[in-house]
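Asks: here is a sequence together with a model predicted from it:
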Amino acid sequence: MLLALTVLLLGACNNAGPTEQSISKLGLLRVAILENPHIDFANNRVGGYEIDLLQAYAEKLGVRLATTYVSSEAALRGLVTSRKVHLGLGMLPVLKNTKRFKYGPSIANSDLILVTHTDAALVKKNLQLAELSIAAQRREIANNPFTDDSKTDFEPVVLEHSDASALLKLVEQDVFDGAIVSAIDFELLKRQHPNLKKNYTLRKSVPFAWLTANPATALRKSMNNFIAEHAQNHYTEKRWAFHYDHLSGFDFVDARKFLQRYAKVLPKYRAEFQAAAAEHDFDWRLLAALSYQESHWDPSAVSPTGVQGLMMLTRNTAKELGVSRLDPSESIEGGTRYLANLQSRLPAKVDEQDQPLMALAAYNVGFGHLRDAQRVAKAENKDDGEWQIVKAHLPLLNKKKYASKVRYGRARGVQAVHYVEGVRRYFSMLRLLEPETLPNETPAAQLPIGENLFALF
């Protein structure tokens, strides 16, 4: 407590707000995070693009993270402006700064778009928006917040406590004609809503940024240096690609079929996936996604190559595992045990987030071929412990130039990449359909959120 009081006194005299030094002395970076579809909690780990950046920033400062999750932007802004947290984030589009808060440097860009039913007439100009009932999280999106002109072309219905997922559901239920969301929101969510489409672009390349109280000049300068450095070394680009590249492409029929089988078939096997996941420390939704990619949750499925069952095991693999391929419970347990074994054989340098993706590739193409792709990457002085790098080198295994130099010969590397990306798309859908409850606060949050202990401004 004495240390905290010392930091408070030091910070209170600093009109520039908290500095890297004062936060370092405190030992905590306290952050309010708006619950949104881009973050996920599973196996006691929170993940997502912004979470990666936040953890890297805390590591740069040499402090622990103390995160608190809120359900509305109003609550987030309240914690920021009352100086109970250092930062607020949650894929926030940059709107106008105020006397009480300011946005930091841009961490990403995305268009703001109008989403409607697929059979809705196309909107061609802003004036047409006045004819529609449109839902949005903030009124400010009705016009360009960076102009002095307060005139708006339409008046949205503001539902500040609703995230993009909730807004799209309301459109699907015909409560509204359309909703304004970011393009990256829709990219993430559209497979859940195959009857909706992007209709119109309201604003292009809107920056997303973290929120700080005002003044917080020193903190924003620190964040700006951090983002600039990580943009230059391509860290931000790589993390964005890791979290979103697999979402490209959309198949209306496939999305609709998945939702149908999710409702009718998955309930029969959910308990088995959950039990196998608990036994082998996986997210059960990943196992269910793998199974859907393999068999569409059909326990009698058979491929032309002879693999069979919910997890499409080969005869030899099933024999080694001691399971029946046509018994759903045994197939799920055996396939999960096989995946866990593949993951355990990966080099220690493979990052925790990359490990299941590498294991999935090995599940499809074989562990030896995965290691060959890693060797090819390493020979080119690339990071063979990073999935994004290995993903780019797997297709090379089907080329004579490379196949003749690797240990296990030619392989269907392109198909392996498509396989992993397919599993990830179904996994993303299941995470949204079956979300885990986010923790109220991280264990590092030792200072009560209800008290204004951050008088660092």
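Replies: Perfect, I can see it now. Numbers count the residues shown, from 1 in each chain.
Asks: when you work out contacts or count neighbours from here on, use the C-alpha atoms and nothing else.
Replies: Will do.
Asks: number of residues surrounding residue 22?
Replies: Using other Cα atoms under 10 Å, residue 22 has 18 neighbouring residues.
Asks: do residue 63 as well
Replies: Close neighbours of residue 63, defined as other Cα under 10 Å, add up to 20.
Asks: let the chain start at 23 from now.
Replies: Let's use 23 as the start, then, which means that last one is residue 85.
Asks: next one: it relative to residue 215, how far apart?
Replies: Shown here: residue 85 relative to residue 215, a distance of 40 Å by Cα to Cα, to the nearest Å.
Asks: go through the helix or strand where residue 436 lies and flag the buried ones.
Replies: Counting by DSSP states H and E, the element that carries residue 436 is helix 435-455. Residues of helix 435-455 classed as buried: 435-436, 438-439, 441-454 (neighbour count, 16 or more other Cα atoms under 10 Å).
Asks: same thing with stretch 207-221?
Replies: By neighbour count on 16+ other Cα under 10 Å, the buried set for stretch 207-221 is 207-208, 210-221.
Asks: can you check stretch 133-150 too?
Replies: Buried residues in stretch 133-150, counted by 16+ other Cα under 10 Å: 133, 134, 135, 136, 137, 138, 139.
Asks: do the same with stretch 257-269
Replies: Using 16+ other Cα under 10 Å as the test for burial, stretch 257-269 gives 257, 258, 260, 261, 262, 264, 265, 266, 268, 269.
Asks: just the ones of those residues in strands?
Replies: Members of the buried residues of stretch 257-269 lying in strands (criterion: DSSP state E): none.
Asks: in the stretch 23-172 of the chain, which spans are strands?
Replies: Using DSSP state E, counting those that start in this stretch, the strands assigned to the stretch 23-172 of the chain run over residues 50-56, 62-64, 67-69, 86-92, 109-111, 123-139, 156-158.
Asks: next step: the buried residues of stretch 207-221 restricted to helices.
Replies: If you go by DSSP state H, those have 207, 208, 210, 211 in helices.
Asks: my guess is the third one meets residue 267, correct?
Replies: Think residue 210. No. Using Cα atoms under 8 Å, residue 210 is not in contact with residue 267; the gap is 10.4 Å.
Asks: would you mind writing the CA trace of stretch 223-236 as PDB?
Replies: Output of stretch 223-236 as PDB, limited to C-alpha atoms (Å, rounded to 0.1, in the frame of the first residue of the first chain):
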ATOM      1  CA  THR A 223     -20.300   1.300 -46.900                       C
ATOM      2  CA  LEU A 224     -21.000   4.300 -44.700                       C
ATOM      3  CA  ARG A 225     -17.400   5.200 -43.900                       C
ATOM      4  CA  LYS A 226     -14.100   3.700 -45.200                       C
ATOM      5  CA  SER A 227     -11.000   2.700 -43.200                       C
ATOM      6  CA  VAL A 228     -12.200   3.900 -39.800                       C
ATOM      7  CA  PRO A 229      -9.400   3.600 -37.300                       C
ATOM      8  CA  PHE A 230      -9.800   1.500 -34.100                       C
ATOM      9  CA  ALA A 231      -8.000   2.600 -31.000                       C
ATOM     10  CA  TRP A 232      -7.700   2.300 -27.300                       C
ATOM     11  CA  LEU A 233      -9.200   4.900 -25.000                       C
ATOM     12  CA  THR A 234      -7.500   7.000 -22.300                       C
ATOM     13  CA  ALA A 235      -8.600   9.700 -19.900                       C
ATOM     14  CA  ASN A 236      -7.700  13.300 -20.700                       C
END
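Asks: in that stretch, what's buried?
Replies: By neighbour count on 16+ other Cα under 10 Å, the buried set for stretch 223-236 is 223, 224, 225, 228, 229, 230, 231, 232, 233, 234, 235, 236.
Asks: again with stretch 63-81
Replies: Using 16+ other Cα under 10 Å as the test for burial, stretch 63-81 gives 63, 64, 70, 71, 72, 73, 75, 76, 79, 80.
Asks: pull the residues that contact it.
Replies: 51, 60-62, 86-87, 111-113, 245, 248, 258, 261-262, 265, 303-305, 457-460 (Cα atoms under 8 Å, 6 or more residues apart in numbering).
Asks: 7 Å - rerun?
Replies: Residues from elsewhere that reach stretch 63-81 (Cα atoms under 7 Å, 6 or more residues apart in numbering): 51, 60-62, 86-87, 261-262, 265, 305, 458-460.
Asks: export those to a markdown table and tack on distance to residue 320 and pLDDT?
Replies: Output for the contacts of stretch 63-81, formatted as a markdown table (distance: Cα to Cα, whole Å; pLDDT from 0 to 100):
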| residue | distance to residue 320 | pLDDT |
| --- | --- | --- |
| 51 | 48 | 94 |
| 60 | 30 | 94 |
| 61 | 30 | 90 |
| 62 | 28 | 85 |
| 86 | 45 | 94 |
| 87 | 43 | 92 |
| 261 | 34 | 95 |
| 262 | 34 | 96 |
| 265 | 29 | 95 |
| 305 | 21 | 95 |
| 458 | 26 | 86 |
| 459 | 29 | 81 |
| 460 | 32 | 76 |
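Asks: neighbour-wise, which of the residues you listed leads?
Replies: residue 51 (24 neighbours).
Asks: may I have the phi/psi pair for the most centrally placed residue in the chain?
Replies: Compute the mean C-alpha point of the chain, and by Cα atoms, centre = their mean the closest residue is residue 70, 3.7 Å away. Per-residue torsions, residue 70: phi 140, psi 160 (degrees, to the nearest 10).
Asks: make sure residue 291 is indeed in a helix.
Replies: Yes. Residue state for residue 291 (DSSP: H, G, I helix; E, B strand; the rest coil) corresponds to a helix.
Asks: need the buried residues of stretch 223-236 in CSV (columns: pLDDT and distance to residue 424).
Replies: CSV is the format used below for the buried residues of stretch 223-236 (pLDDT from 0 to 100; distance: Cα to Cα, whole Å):
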residue, pLDDT, distance to residue 424
223, 95, 44
224, 92, 47
225, 91, 46
228, 93, 42
229, 95, 42
230, 96, 41
231, 96, 43
232, 97, 45
233, 95, 48
234, 95, 51
235, 93, 54
236, 89, 56
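Asks: what about those residues, which are in strands?
Replies: Going by DSSP E, the strands hold 223, 224, 225, 228, 229, 230, 231, 232, 233, 234, 235 from these.
Asks: could you list the low-confidence segments of the stretch 323-472 of the chain?
Replies: 462-472 (pLDDT under 70).
Asks: how much space separates the nearest residue to residue 459 once chain neighbours are set aside from residue 443?
Replies: Distances taken as Cα to Cα, 6 or more residues apart in numbering place residue 63 nearest to residue 459, at 6.8 Å, with adjacent residues excluded. Counting by Cα to Cα, the gap from residue 63 to residue 443 is 20 Å.
Asks: repeat that for residue 181.
Replies: For residue 181 relative to residue 443 (Cα to Cα), the value is 34 Å.
Asks: for residue 423, same thing?
Replies: Where residue 443 is concerned, residue 423 sits at a distance of 26 Å (Cα to Cα).
Asks: can you tell me which residues contact residue 187?
Replies: Listed by Cα under 7 Å, 6+ apart, the contact set of residue 187 reads residue 211.
Asks: just the element for it, please.
Replies: Going by DSSP H and E, residue 187 is part of helix 186-194.
Asks: sweet, I'm off.
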